[in-house]
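*Asks:* Need a 3D model of the sequence below.
(chains A and B)
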2 protein chains.
Amino acid sequence: MQLLEDMILKYGKVRGGNVLKVDGFLNHRLDTALICELGQEFCKLFEKEGITKVLTVESSGIAIAYATAEKLKVPLVFAKKTMSSNISDEVYKVPVHSYTHNNDYMMLMTKAYITSDDIVLLVDDFLANGCALGGLIGICEAAGAKIAGIGVAIEKGFQGGGDLLRQQGYRVESLAVIDKMDENTLEFRANCK
Amino acid sequence: MQLLEDMILKYGKVRGGNVLKVDGFLNHRLDTALICELGQEFCKLFEKEGITKVLTVESSGIAIAYATAEKLKVPLVFAKKTMSSNISDEVYKVPVHSYTHNNDYMMLMTKAYITSDDIVLLVDDFLANGCALGGLIGICEAAGAKIAGIGVAIEKGFQGGGDLLRQQGYRVESLAVIDKMDENTLEFRANCK
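*Replies:* Down below sits the predicted model:
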């Protein structure tokens, strides 16, 4: 997606440890017009799939996933990383490793909100190693829900998680795929949406 | 707001410890049409205030805050609860107590994203004791930003945080204010939007 690639080139900052900082427009300060466009694009890509729910995990993907779900006119559900008095005991629990935060956590989802009747679109802001998406896939598998596809804003292609998911048969639509990244270079994969 | 009050009466569940579970439509599974209406309502209430940014804290208020910011055509910024490789060292840090999670945490905001030029609308899903909003106010004070008002979906009026903020001079607009709540009763404050 040209708009997203332009924003990454203009405002993204490459840091050590394969970190691409896009907190100026995507996941800390959010350019709401851009997020709206991302949601519109995912809607266009998946609107014929009979999606019944959009699923993400807190918290940096929530706005994009909401924008997508709102356009698709379906509910958004987001998995949680901590128990609280607001979620019940009847939850799916899937262990996940986070490279961003360098920790392990349990991804939690109330069982009633994803069921075997659902056709789910997974949405997140980033796809690197695929750990967070692996957790969301685990929730859908536990629930017996069908996964229609995966929509990601920025895929760090050189970390391999996206291509692994494609090899596993998932339809992964990333709006910008970065195949090479260092302090001087930022190369996008051609032909992505 | 009649629509929100109806949803609370239909789907909300009162639990011990002053907990109102609305995770079926507001903060775990999200009714996107409702969230969109809440954003529209906050936009209508504050559109003449010259808002430059909407500010919330991760994660359950993000969707409502995004819907509001998108309607107001301004950026959304959300404070974080944990450091990660995605945020810089130049952050405001405000200590906050969470009754929901029964813990203390540091609310973090990159300094560049809220400045003394900003006129800020604070948005959150819940207002009970006002601790989270106190943290957001602390960030705005540290940045020298002006607070135009506070938009909250559900205020638990009987916990007093909202009225305390009003006494301090803040314009607090809650779309549903609950003044009494137990297993048999749920009473809304009259004349709220």
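*Asks:* Report the separation between the residue in chain A positioned nearest to chain B and A:Asn184.
*Replies:* Distances between chain A and chain B by C-beta to the nearest C-beta are smallest at A:Ser59, namely 3.3 Å. For glycine as for every other residue, the C-beta is placed from the backbone atoms N, C-alpha and C. As judged by C-beta to C-beta, to the nearest Å, A:Ser59 and A:Asn184 stand 32 Å apart.
*Asks:* neighbour-wise, which of the two wins?
*Replies:* A side-by-side neighbour count of A:Ser59 and A:Asn184, using other C-beta atoms under 10 Å in any protein chain shown, places A:Ser59 first with 22 against 6.
*Asks:* got the contact list for that one?
*Replies:* Residues in contact with A:Ser59 (C-beta atoms under 8 Å, 6 or more residues apart in numbering or on different chains) are A:78, B:58-59, B:62, B:78.
*Asks:* for A:Glu183, same thing?
*Replies:* By C-beta under 8 Å, 6+ apart, the contact list for A:Glu183 reads A:Val14.
*Asks:* that older thread, biggest separation within the contacts of A:Ser59, which pair?
*Replies:* Taking C-beta to C-beta as the measure, these span a maximum distance of 13.7 Å, between A:Phe78 and B:Phe78.
*Asks:* if we can go back for a sec, roughly how far apart are the residue of chain A closest to chain B and B:Asn129?
*Replies:* When A:Ser59 is compared with B:Asn129 (using C-beta to C-beta), they lie 22 Å apart.
*Asks:* Do a quick rundown of the strands in chain A.
*Replies:* Chain-ordered strands for chain A, with DSSP state E as the definition, fall at A:13-15, A:19-21, A:29-30, A:53-57, A:76-79, A:91-98, A:103-110, A:119-127, A:146-156, A:172-181, A:186-188.
*Asks:* which residues sit against the last one?
*Replies:* Residues outside strand A:186-188 that contact it (C-beta under 8 Å, 6+ apart) are A:5, A:8-9, A:12, A:14, A:176-181.
*Asks:* Can you check the pLDDT for A:Cys192?
*Replies:* What the model reports for A:Cys192 is a pLDDT of 51.
*Asks:* ditto for A:Val91
*Replies:* Residue-level pLDDT assigned to A:Val91 equals 95.
*Asks:* Count the neighbours of A:Asp23 for me.
*Replies:* 23.
*Asks:* cool, and A:Gly135?
*Replies:* A:Gly135: 24 surrounding residues under other C-beta under 10 Å.
*Asks:* so it sits right up against A:Val94, yeah?
*Replies:* Yes. Under the criterion of C-beta atoms under 8 Å, A:Gly135 makes contact with A:Val94 at 4.6 Å.
*Asks:* what touches both of those two?
*Replies:* By C-beta under 8 Å, 6+ apart, the residues touching both A:Gly135 and A:Val94 are A:Met107.
*Asks:* What residues does the nearest residue in space to A:Thr115 that is not next to it in sequence make contact with?
*Replies:* Excluding the flanking residues, the one nearest A:Thr115 by C-beta to C-beta, 6 or more residues apart in numbering or on different chains is A:Ala143, at 5.7 Å. The contact partners of A:Ala143, taken as C-beta under 8 Å, 6+ apart, are A:92, A:109, A:111, A:114-116, A:118.
*Asks:* who's in contact with the closest residue to A:Arg166 other than its chain neighbours?
*Replies:* Leaving aside its sequence neighbours, A:Arg166 sits nearest to A:Val172 (C-beta to C-beta, 6+ apart; 5.3 Å). A:Val172 makes contact with A:127, A:149-150, A:152, A:155, A:162, A:165-166, according to C-beta under 8 Å, 6+ apart.
*Asks:* do A:Lys80 as well
*Replies:* Neighbours of A:Lys80 in contact, by C-beta under 8 Å, 6+ apart: A:57-58, A:87, A:107-109, B:28.
*Asks:* Could you rerun that using 6 Å?
*Replies:* Going by C-beta atoms under 6 Å, 6 or more residues apart in numbering or on different chains, A:Lys80 touches A:58, A:108.
*Asks:* quick one: it from B:Lys73, how far?
*Replies:* Separation of A:Lys80 from B:Lys73 (C-beta to C-beta) stands at 30 Å.
*Asks:* Over to A:Ala145?
*Replies:* Using C-beta to C-beta, we find A:Ala145 at a distance of 36 Å from B:Lys73.
*Asks:* go on, A:Ile147?
*Replies:* 34 Å.
*Asks:* okay, those two: which has more neighbours?
*Replies:* Using other C-beta under 10 Å as the criterion, A:Ile147 and B:Lys73 rank with A:Ile147 on top: 20 against 11.
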